[in-house]
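Student: coordinates only, sequence not included:
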């Protein structure tokens with residue numbers, strides 16, 4: 001377990017939906033670049049974890065990023081698929097939706113992720129977040145977090161993060177955990 005990488009990335013990537021809109025839209029990488037910069041800053045703060053980009057759950061949407069905390073040395077036991085899934089069930093599953101401007105759409109998408117995620121967080125550039133911040137009570141009411149990120153300084157501001165929340169559907173959460181656990185290479189975890 002000591003050699004567990006700080007970030008263990010799994011392949012759960014949904015098909016690239018940007019290609020559905022033609023070549024002009026598929027070239028726009030602003031949101032993707034913003035998300036990658038946010039990821040680097042977030043991972044630097046939280047340390048070890050399991051991450052999946054574009055994590056698709058049927059009827060619930062495609063989260064830009066799904067994160068499960070994982071600390072080195074947490075478990076000294078030998079891993080099996082069953083033991084790993086049990087461990088992951090006890091962890092907090094967080095979904096992120098990144099949007100450059102449209103906070104209403106981001107909130108709608110993130111709320112759907114609450115069915116399979118313990119926490120859902122909308123991440124926006126700080127300079128574009130004023131309209132969302134004016135409606136922070138809506139985020140609180142729906143128990144969806146609102147964070148902002150400044151690429152120039154790598155600063156993450158957590159304006160609202162829901163506490164004492166769990167996934168709205170135990171079944172949907174279990175399916176998400178099972179999907180994640182099947183993508184993990186057990187031999188790499190036990191190195």
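Tutor: All right, it came through fine. Since the structure is predicted, the reported quantities are computational estimates derived from the model, not experimental observations. Numbers count the residues shown, from 1 in each chain.
Student: For residue 87, give me phi and psi.
Tutor: For residue 87, the backbone dihedrals (degrees, to the nearest 10) come out as phi -60, psi -50.
Student: any idea how far residue 172 is from it?
Tutor: 19 Å (Cβ to Cβ, to the nearest Å). Backbone N, C-alpha and C define where each C-beta goes, glycine included.
Student: pretty sure residue 168 is touching residue 113, no?
Tutor: No: contact criterion Cβ atoms under 8 Å: residue 168 and residue 113 do not qualify, at 9.6 Å.
Student: In terms of neighbours, single out the busier of these two.
Tutor: A direct count of neighbours by other Cβ atoms under 10 Å for residue 168 and residue 113 places residue 113 higher, at 29 against 18.
Student: Report how many residues lie close to residue 45.
Tutor: 8.
Student: what do you get for residue 140?
Tutor: For residue 140, the neighbour count with other Cβ under 10 Å is 13.
Student: Now it. Nearest residue, chain neighbours left out?
Tutor: residue 160 (5.9 Å; Cβ to Cβ, 6 or more residues apart in numbering).
Student: For the one you found, give me the backbone phi and psi.
Tutor: Torsion angles, degrees, to the nearest 10, at residue 160: phi -150, psi 130.
Student: so how far is residue 30 from it?
Tutor: 24 Å.
Student: For the nearest residue to residue 151 once chain neighbours are set aside, pull up the helix or strand it's in.
Tutor: In space, and not counting its chain neighbours, residue 151 is closest to residue 37: 4.8 Å by Cβ to Cβ, 6+ apart. If you go by DSSP states H and E, residue 37 is part of helix 30-46.
Student: can you give me the angle the helix or strand containing residue 149 makes with helix 30-46?
Tutor: Using DSSP H and E, residue 149 maps to strand 145-150. Counting by axes from the mean of the first three to the mean of the last three Cα atoms, to 10 degrees, strand 145-150 lies at 100 degrees to helix 30-46.
Student: Enumerate the positions of strand 145-150 that are buried.
Tutor: Residues 145-149 are the ones in strand 145-150 that count as buried (16 or more other Cβ atoms under 10 Å).
Student: show me where this structure has strands.
Tutor: Ranges of strands in the chain, per DSSP state E, are 7-10, 49-57, 61-69, 93-98, 119-125, 145-150, 155-160.
Student: how about JSON lines for those, with distance to residue 104 and mean pLDDT added?
Tutor: Formatted as JSON lines, the strands of the chain follow (distance: least, Cβ to Cβ, whole Å; pLDDT from 0 to 100):
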{"stretch": "strand 7-10", "distance to residue 104": "30", "mean pLDDT": "75"}
{"stretch": "strand 49-57", "distance to residue 104": "21", "mean pLDDT": "89"}
{"stretch": "strand 61-69", "distance to residue 104": "15", "mean pLDDT": "91"}
{"stretch": "strand 93-98", "distance to residue 104": "12", "mean pLDDT": "96"}
{"stretch": "strand 119-125", "distance to residue 104": "10", "mean pLDDT": "97"}
{"stretch": "strand 145-150", "distance to residue 104": "12", "mean pLDDT": "98"}
{"stretch": "strand 155-160", "distance to residue 104": "16", "mean pLDDT": "97"}
